[in-house]
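> Quick one: sequence plus predicted model below, questions after.
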Amino acid sequence: MRNPTRRQFLFSLTALALPLPLRAATNLVAEIPARTQPASPPSPAVKLASAPAAAPCLLSASWDDDMLGAGLTTVVPIALPGRGHGIVPLLNGQAIVVSRRLGDWLAKIDWRRGGISKLIAAEPSRHYFGHAILSPDGKTLITTENNDENGQGVLGLYAVDTLKRLGELPSYGIGPHELIWMESGKLLAVANGGILTLPETGRTILNPGQLNPTLTLIEWPAGRKVEEYVMPDKSLSIRHLACTHDGTLGLALQAEYTEAAAHRDAPLLAILRQGKLRLAEQPPGLMGYGASIAAVGNQFLVSALHGSALARWQSDGQPLAAINFPRPAGIASDGHQAWVSSETGILAHYDAGANTLPSLPDQSTRRWDNHLSLAVT
């Protein structure tokens with residue numbers, strides 16, 4: 001049962017709709033070479049220099065000691081009742097922030113004016129798992145959630161305008177996380193991480209050694225399971241999804257081995273290509289934790305958070321040289337170029353033809369969460 005005081009606190013935050021001041025960060029450019037050797041944090045000798053870089057409006061959640069917030073990366077974040085995770089951009093300077101698993105709130109923010117315009121609590125016996133996506137007509141928000149009564153995953157359906165809950169569909173797995181359109185308006189791909197968690201035990205994994213990570217393809221709006229793909233290695237949790245121009249689906253993985261040493265060279269990427277799911281070829285030393293994934297043309301980018309590198313692959317699963325980058329977190333892509341955030345506060349630009357990550361000017365220095373989104377302007 002939820003604490004009524006916390007529920008009251010959630011709704012009291014809707015009053016925080018005041019404009020917030022700009023906070024700029026020092027301009028840095030991380031001219032970091034590509035590498036093929038095992039990942040390790042960049043040395044203090046990495047060359048940093050200032051350089052101009054045009055940046056779009058980027059949205060991210062952040063989790064600093066002084067504030068848990070979200071909003072534009074160029075200003076002080078909008079305060080939230082807990083740590084946010086995925087952000088869904090909307091029209092008219094708005095966005096929806098999903099609370100980090102096991103989350104109990106969903107917020108609509110106005111990033112232009114700097115406040116929360118709508119805040120709801122999760123339904124009884126339901127918790128959010130950090131991600132959501134819009135229906136093609138922009139009217140329905142589809143979230144990944146947990147059914148706390150049986151531990152099964154569900155997709156929550158909400159009216160975008162009001163955040164009123166409309167119903168739910170099964171995710172056909174345990175611990176659904178990110179979801180993506182394979183065919184717009186027809187077919188959803190859902191990453192079921194296979195990790196069982198419940199609110200009374202927090203983020204503690206309740207099925208260690210017995211994970212069941214799956215990728216399910218679901219017909220929209222009927223909710224019928226069209227296909228299911230099972231990871232052969234049950235310790236590789238499917239977390240995040242992206243699709244390249246040629247239609248290959250990339251699955252960013254997070255290793256959950258019981259022995260820490262097994263994470264060092266653990267796979268970060270699986271691909272679904274021509275109807276077959278397989279692991280991509282894995283460079284050594286990237287530490288087995290894919291925080292985020294994005295596609296640029298026919299390249300996959302995966303933020304190897306624990307390996308301090310931006311890992312790269314061609315869509316056929318062949319690896320490219322990883323690029324050193326301290327504690328990479330979120331990746332946003334427009335399909336032709338990308339932007340990468342770091343837990344250390346850096347935001348950088350990625351060009352598929354370059355082997356450097358020049359940092360962006362005039363950004364707020366925050367501990368960025370694992371996801372970065374392009375705002376709709």
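Sure, I can see it. Numbers count the residues shown, from 1 in each chain.

> so residue 334 makes contact with residue 373?
No - the criterion here is Cβ atoms under 8 Å, and residue 334 misses it with residue 373 at 11.1 Å. Glycine gets a C-beta too; all of them are placed from N, C-alpha and C.

> The two: who's more crowded?
Per other Cβ atoms under 10 Å, whichever of residue 334 and residue 373 has more neighbours is residue 373, with 20 against 11.

> Remind me what the helix or strand hosting the more buried one packs against, helices and strands.
Using DSSP states H and E, residue 373 maps to strand 368-374. Identification of packing neighbours for strand 368-374 by 3 or more Cβ pairs under 8 Å, 6 or more residues apart in numbering; DSSP states H and E yields strand 58-63, strand 84-89, strand 290-296, strand 328-333, strand 337-342.

> and it, which strands flank it?
strand 58-63 (antiparallel) (DSSP bridges).

> which element is the spatially closest residue to residue 78 that is not a sequence neighbour on?
Leaving aside its sequence neighbours, residue 78 sits nearest to residue 71 (Cβ to Cβ, 6 or more residues apart in numbering; 4.5 Å). Following DSSP H and E, one finds residue 71 within strand 68-72.

> Okay, angle between that strand and strand 58-63 too, please.
Interaxial angle, strand 68-72 versus strand 58-63 (axes from the mean of the first three to the mean of the last three Cα atoms, to 10 degrees): 170 degrees.

> Give the next helix or strand downstream of strand 68-72.
Next element after strand 68-72 (DSSP H and E): strand 78-79.

> And that following strand, how far out from the chain middle?
For strand 78-79, the separation from the chain centroid amounts to 19 Å (computed by Cα atoms, centre = their mean, to the nearest Å).

> what's that strand packed up against?
Using 3+ Cβ pairs under 8 Å, 6+ apart: strand 78-79 touches strand 68-72.

> Which neighbours in the sheet does the strand it packs on have, and how are they oriented?
As defined by DSSP bridges, the strand partners of strand 68-72 come to strand 58-63 (antiparallel), strand 78-79 (antiparallel).

> how about the ones you listed, which one is nearest residue 129?
Nearest to residue 129 among those is strand 58-63; the distance by Cβ to Cβ comes to 14.4 Å.

> which residues touch the residue nearest to residue 62 when sequence neighbours are not counted?
Ranked by Cβ to Cβ, 6+ apart and with sequence neighbours excluded, the top spatial neighbour of residue 62 is residue 366, at 3.9 Å. Contact analysis of residue 366 by Cβ atoms under 8 Å, 6 or more residues apart in numbering lists 60, 62, 64, 73, 77, 345.

> Could you do residue 65 as well?
Not one residue lies near residue 65 by Cβ under 8 Å, 6+ apart.

> now the one 5 residues further on
Each residue near residue 70 by Cβ under 8 Å, 6+ apart is listed here: 59-62, 77-78, 80, 84, 87, 95, 97, 107, 109, 369.

> Tell me where the stretch 1-150 of the chain has strands.
Using DSSP state E, counting those that start in this stretch, the strands of the stretch 1-150 of the chain run over residues 29-30, 34-35, 48-49, 58-63, 68-72, 78-79, 84-89, 94-99, 105-110, 115-121, 126-134, 140-147.

> number of nearby residues for residue 363?
26.

> A strand includes it, no?
No - under DSSP: H, G, I helix; E, B strand; the rest coil, residue 363 sits outside any strand and is assigned coil.

> Just the endpoints, please. Distance across stretch 294-312?
10 Å (Cα to Cα, to the nearest Å).

> And stretch 266-284, by the same measure?
End-to-end span of stretch 266-284 (Cα to Cα): 8 Å.

> What of stretch 91-108?
12 Å.

> Who are the contact partners of residue 301?
Here residue 301 is in contact with 293, 294, 295, 310, 311, 312, 331, 333, 338, 340, 350 (criterion: Cβ under 8 Å, 6+ apart).

> Lovely, talk soon.
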